[in-house]
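Engineer: Sequence first, then the predicted structure, then my questions.
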Amino acid sequence: MLTKFETKSNRVKGLSFHPKRPWILASLHSGVIQLWDYRMGTLIDKFDEHDGPVRGVHFHYSQPLFVSGGDDYKIKVWNYKLHRCLFTLLGHLDYIRTVQFHHENPWIVSASDDQTIRVWNWQSRTCISVLTGHNHYVMCALFHPKEDLVVSASLDQTVRVWDISSLKRKNASPADDLLRLSQMNTDLFGGIDAVVKYVLEGHDRGVNWASFHPTLPLIVSGADDRQVKLWRMNDTKAWEVDTLRGHMNNVSCVMFHAKQDIIVSNSEDKSIRIWDATKRTGVQTFRREHDRFWILAAHPEMNLLAAGHDSGMIVFKLERERPAFVVSGDTLFYTKERFLCSYEFSTQRDTQILPFRRPGSLSLNQSPKTLSYSPTDNAFLLCSDVDGGSYELYCITKDSYGRGDLQDAKKGHGGSAVFVSRNRFAVLEKSNNQNETVKKSALPIATDAIFYAGTGNVLCRSEDRVVIFDLQQRIVLGELQTPFIKYVVWSNDMEHVALLSKHAIIIASKKLVHQCTLHETIRVKSGAWDDNGVFIYTTLNHIKYCLPNGDSGIIKTLDIPIYITKVSGNTIFCLDRDGKSRAIIIDATEYIFKLSLLKKRYDHVMNMIRNSQLCGQAVIAYLQQKGFPEVALHFVKDERIRFNLALESGNIQTAVASATAIDEKDHWYRLGVEALRQGNAGIVEYAYQRTKNFERLSFLYLVTGNLEKLSKMLKIAEVKNDVMGQFHNALYLGDVRERVKILENVSHLPLAYITASVHGLHDVAERLAAELGDDVPSLPEGKVPSLLMPPSPVMCGSDWPLLRVMRGMFDGAFDNAGRGVADEEEYEAADADWGEELDIVDVDGVQNGDVAAILEDGEVAEENDEEGGWEMEDLGLGPEEDTPRAANSASSVFVTPTPGMPVSQIWIQKSSLAADHAAAGNFETAMRLLNRQLGIRNFTPLRSMFIDLHSGSHSYLRAFSSAPVISLAIERGWTESASANVRGPPALPFKFSQLDEKLRAGYKLTTAGKFTEALRTFVNILHTIPLVVVESRREVDEVKELIIIVKEYVLGLQMELKRREIRDNPARQQELAAYFTHCNLQTPHLRLALQNAMTVCVKAKNLATAYNFARRLLETNPTVESQTKAARQVIAVAERSMTDTTELNYDFRNPFVICGATYVPIYRGQKDVSCPYCTSRFVPSQKGELCTVCDLAVVGEDASGLLCSPSQIR
Amino acid sequence: MAAPDHLFNLRNNFYLGAYQAAINSSDGSNLSPDDVVERDSLVHRCYIALGQLQFVISEIDQNAPTPLQAVKLLALYFSGASQKESAISSLKEWLADPAIGNNPTLRLIAGTIFLHEQDFNEALKYTNAGGTMELHALNVQIFIKMHRSDYAERQLRMMQQIDEDHTLTQLANAWLDLAVGGSKIQEAHLIFQDLSERYQSTSLLLNGKAVCCMHMGNFDEAETLLVEALNKASFS
């Protein structure tokens, strides 16, 4: 039992789940009905209008209504949105035990101690039927979830099933007098609309509860005889199926579980019991110490149950619904029911891998809790709570995927088990697996669970902290105080880890350095890292994100809880509670935007501002709060907000624009203040002007030394008749005469006089004195007056110079700014480069030496090996020499073993292919073999290939530091299943396919007329073939064919080249050209050869021969127009005079082959000798000479033939 | 819980061929005198591996403890043909000295030098008794060189009994896997892969992986790995 929520209250007699919201109603013995949010754990509302205990309560399926019935005989219908009781249904004459809404009709069924069951219409607010028949209290009455049936339980020891279909028919007709009439009848004579269908007798005491199975024709009942009975019914009868015994006291409530094949019952014996509905045996019992249970309720949709008892209620689940899963690369492995399944993210393909539990074994909460996977061995570790914590290990070979047979798993006990590396796993405490060597290591803290933490490390959890522990070094790598951690999610690069507890998420680095903590009010369910380092997580009802700095927000609201498995771009992959994989597309813009801001990737930010619909107060508020008013500026259209943001970011230009648009005094004023702060005198002036704030304006002119404007201000003041302003301006200007004039104008003659006389304006003073007459004021004695002039400002008129131009990238043109960033970055990059470069130089010095050393080592070793190869005797004697030495050392205790047989020697013994011998470094035997098989005597062209073969079939492994490298033989035809210690033949660098490519290259060169290169290529093919090894017989034939093809070309090209050398002998030239046409060439080449021969002959006036070539050319149906044309011309010319001017050693009518050395025709019947390798023919005099075509074999030598495949030997 | 191993990183880096990193990680406080000697000899062996022989030769003076002297001998051995003979002769002399002849570092150096001399018999005379993981690992290598994988496997078993997760055990396992070939090649590849994931990718490990790839016929990948290893060797 997994308790989700618990309340303490008076005795709970009635319970009802809200079908959609996370709410539950609890009616109490005290008369109060409580509405709880069990997810948040808060009391939402209280309804206290019943007098005495409320025993029945029920939510309506769709309306904001619920119904309650109590010991005050009243049925009340409430609207929870309006927080009040809508109306009361009166009629029952005793306590009301249960009330229930019908799932579609506007009906309520109620059961009462007055021995009746009543059906009410809550719309017409009337009782539409009274079901009589029970002769004791009716303890419970419930509608069937689909059919027109009611089941009731009574203390008269019976369970009754009522048919209410007639009620429905009657109610379907329009309500009129007739209805009322029949209703009256009902009241008077008892139900004629509802009839008892079955009476189920079997309980020995009063029955407290009876309920229908949601889909099957089954009823379960619980009674004071402490038994739970299972009943089955069909159309005609109902009968008892079985009795479940076990409760020690009255069974108060019993029901079928909607999703599982179980029965849940509770009892006054203070226990809740779970029964297997098929096997009818007890599965589990949950006991409470002091509280008798009274009522059970099931959530209509979710897997939730609630039970009411003496001192409150509990909301609980029977089983964990989180499927155990693990992600490895592109694949998700998860458990579903009793199967281990895999799901590929890219293809969205679901596969069942294997069953891990025998079917039919029903036990609660035994499903795997965690899953750990080792990709290389394809092994799974399933941990579950079975036997107080145990694990099972399954190894799966790829080919047994999806096979239905149950493997015998290796099992063991332990709190939790995780793979810590490829083939090791760590198990918390207890004994270890039978076939794995496991070391015990004491953990640094009292741990109750372990999680994966990178190869070789485990993350240990205890109540209040987690530590990362290195299993090999036995040291603690990191420690962090945390709340109780439930899940651990590593980022893809294993740099960050998210630790999920019930209500908090802690993000830390891989060494458990705390980065941020997020608190959630509702349960955190799962999470995964996206590729940018944003942690995406789910709570019960939201998908949310968390940025590295701890900022979080909601991405999406969820209907049902999901478990995120992987985040890839905009797609969230998740598992739901049914173990189904789903992909949810989200809008990642917001968090990507915030992340870009955070990482100062302003180019991204700009891009997003430009391209996406990112708007709204939230973003602006975020930007403002995070100190990016200048960015926020770009989202705002409203001028007032724009103005505020502009001021905040000090963007005067924008502020001015906004202020102009708004044109309000207050805004101008604030603009002026900000401009003044920035020293932008122009804007200040403008702002003051707009607000007609003359005094400030004057002062501004004074401090900026703008006397001209100041005098203008004087005039303005004069025009406006503002004396004070005039006087001030005059004072600022130091204009005494003006001051006097002003004072005089306003009749302050004494002041004017004093001013004038003090400043030495005697003429005015006298005039004023005259005007004043006797009242001339006296001037102070002994003081030297001086005119107070404002000091001239250092900076005149212009704006203050600003140290840094605040032109951020967000100001002005976006595009420019983008470039700006790039520049900046480049700049930084350059900086970084400097540092790195220095490092590189440093290290280079050190490392170069090392490289050289390695190279030297390698070379030395190689040379040694080569020597061994060329001088066969040494190698052959090696082992023999070693044997006596071993005997010598026998005197010491340790006997050195005799060296084993090198792989290369095995090759030699096993193979009679020259290539294998060459690869083994045994060049002498290789040469001997070639001589015997192909009569080859000239090995100079093969030397480099021998060396290639040898070095190409060996690799060098650097093993222990400073020790010599290990040379290892590379074998060909390696497969995964090859068994160890069985030696295959050497891998060879020369492949038949390469020769094919070379042949094609040779053809191309020939077509292009590059005869020297072509010849070289073809000869190279001929030289390689003896060292090529192929697998099948068919390929052997292909090789042999290749020899012939290449030989023809070599011969032809040699003749052609020879022809080009001799210029003074036209007859010979013609002969060679003619012979060339008799080599076996590709058609295009043959045409070229024919055309060539034709031209040569025409030139030498050998028209008859030319005619022959032209005919042959036309026979090939040339595709090139010019060739056809030339041939036709030649035929036309030759037909006129069919003669040859020079005699040629060429008779095309007589079949012949060409001697490879002398280039003369050997007509059929003439004696010849041939090359044992390339099969070129020679005149007998060439016997014993080196074949001029292949340059390898000796003409006329006896040879056993080409051996190039192991299949030839078998 | 065993005492934390202060020299773990240094040793590990040395085995993995990350010599510069090993030298960089050699600073450590509160080392016991034995640890100091071990650290010094490891650091100097790193310098030898990096080819800085003269530095090692000049750094170790007459009064240094035996292990360091042995390391110096190795440096002398590598520093040229002229020194070679004298190095071998003084090596033999020291080995005959019962006071120091049993020093594991000295025996290790002896094994290394005789292995270079292709004198397996002499090398094994000093190393076969084992004693340290390094000696066992060297034994494995000698047996592989002698094409006696059966003996090498026996040595490896011993190492696995001592500490299966030890880096040298893993490496020796990979060497042996490569030497016996067949399906074991994959295992060797996985070991190299594991090590480079767990610690860091060094040219030694990359080379190992490349060799595995070559044996598996995957020459393209081998080339990529080797190029990477070359880059590492010149830039790390």
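Structural biologist: Done, it's in.
Engineer: Give me the pLDDT value at residue 178.
Structural biologist: With no chain named, the answer covers chain A. Looking at A:Leu178, its pLDDT stands at 50.
Engineer: try chain B instead
Structural biologist: 88.
Engineer: element containing it?
Structural biologist: helix B:167-180 (DSSP states H and E).
Engineer: who's in contact with that helix?
Structural biologist: With contacts defined as CB atoms under 8 Å, 6 or more residues apart in numbering or on different chains, helix B:167-180 is touched by A:957, A:959, A:966, A:968, A:980-981, B:11-12, B:15-16, B:133-134, B:136-137, B:140-141, B:144, B:147, B:149, B:152-153, B:155-156, B:159-160, B:162-163, B:184-185, B:187-188, B:191-192, B:194-195, B:199, B:208, B:211-212, B:215. (Glycine included, C-beta is placed from N, CA and C.)
Engineer: Strands - which of these land there?
Structural biologist: Among the contacts of helix B:167-180, the residues falling in strands (DSSP state E) are A:957, A:966, A:968.
Engineer: what's around the closest residue to A:Pro785 other than its chain neighbours, how many residues?
Structural biologist: Using CB to CB, 6 or more residues apart in numbering or on different chains and skipping the chain neighbours, the partner closest in space to A:Pro785 is A:Val758 (4.3 Å). Other residues near A:Val758 come to 16 when the count uses other CB atoms under 10 Å in any protein chain shown.
Engineer: domains of chain B?
Structural biologist: Following the TED database, one gets these domains for chain B: B:7-129, B:182-235.
Engineer: got TSV for those domains, with mean pLDDT and distance to A:Leu471 too?
Structural biologist: Shown next, in TSV, are the domains of chain B (pLDDT from 0 to 100; distance: least, CB to CB, whole Å):
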stretch	mean pLDDT	distance to A:Leu471
domain B:7-129	85	13
domain B:182-235	86	11
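Engineer: Single out the most deeply packed of those.
Structural biologist: Among those, ranked by average contacts under mean count of other CB atoms under 10 Å in any protein chain shown, first place goes to domain B:182-235 (a mean of 20).
Engineer: Does it reach chain A?
Structural biologist: Yes. Residues of domain B:182-235 contacting chain A under CB under 8 Å from any CB of the partner chain: B:182-186, B:190, B:194, B:197-198, B:204, B:207-208, B:210-211, B:214-217, B:233-235.
Engineer: buried residues in the helix or strand harbouring A:Val161?
Structural biologist: Counting by DSSP H and E, the element that carries A:Val161 is strand A:158-163. Residues of strand A:158-163 classed as buried: A:158-163 (neighbour count, 16 or more other CB atoms under 10 Å in any protein chain shown).
Engineer: One more: stretch A:299-318?
Structural biologist: So, applying 16+ other CB under 10 Å, buried residues of stretch A:299-318: A:299-300, A:302-310, A:312-318.
Engineer: what number of residues lie near the residue in the stretch 651-800 of chain A positioned nearest to chain B?
Structural biologist: When scored by CB to the nearest CB, the stretch 651-800 of chain A has A:Asn651 as its residue closest to chain B, at 46.4 Å. As a burial measure, A:Asn651 scores 24 neighbours (other CB under 10 Å).
Engineer: May I ask you to confirm that it is in contact with A:Arg642?
Structural biologist: No. A:Asn651 lies out of contact with A:Arg642 (CB atoms under 8 Å); the separation is 9.6 Å.
Engineer: Overlap of the contact sets of the two?
Structural biologist: A:Leu633.
Engineer: SS state for B:Val71?
Structural biologist: helix (DSSP: H, G, I helix; E, B strand; the rest coil).
Engineer: Tell me who's in contact with residue 203.
Structural biologist: In the absence of a named chain, this looks at chain A. A:157-159, A:221, A:223-225, A:227, A:229.
Engineer: ah, no, chain B please
Structural biologist: B:17, B:229-230, B:232-233, B:236.
Engineer: Can I get the residues you listed in TSV including secondary structure?
Structural biologist: Output for the contacts of B:Ser203, formatted as TSV (three-state DSSP):
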residue	secondary structure
B:Gly17	coil
B:Ala229	helix
B:Leu230	helix
B:Lys232	helix
B:Ala233	helix
B:Ser236	coil
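Engineer: returning to that earlier point: pick the one among the buried residues of strand A:158-163 closest to B:Ser79.
Structural biologist: In terms of CB to CB, no member of the buried residues of strand A:158-163 lies closer to B:Ser79 than A:Val159, at 101.8 Å.
Engineer: Would you mind naming the residues that bridge with that closest one?
Structural biologist: Legend: beta-bridge partners of A:Val159 under DSSP bridges are A:Ala153, A:Leu200.
Engineer: Relative to chain B, how far out is it?
Structural biologist: Per CB to the nearest CB, to the nearest Å, A:Val159 is found 65 Å from chain B.
Engineer: Return the distance of that residue relative to A:Trp231.
Structural biologist: Computed as CB to CB, to the nearest Å, the A:Val159 to A:Trp231 distance reads 7 Å.
Engineer: Contacts only, for the closest residue to A:Asp51 other than its chain neighbours.
Structural biologist: Excluding the flanking residues, the one nearest A:Asp51 by CB to CB, 6+ apart is A:Asp72, at 4.1 Å. Going by CB under 8 Å, 6+ apart, A:Asp72 touches A:50-52.
Engineer: Can you classify the residue of chain A positioned farthest from its centre as helix, strand or coil?
Structural biologist: Computed with CA atoms, centre = their mean, the maximum C-alpha offset from the centroid of chain A is found at A:Asp774, amounting to 102.4 Å. Under three-state DSSP, A:Asp774 falls in the helix class.
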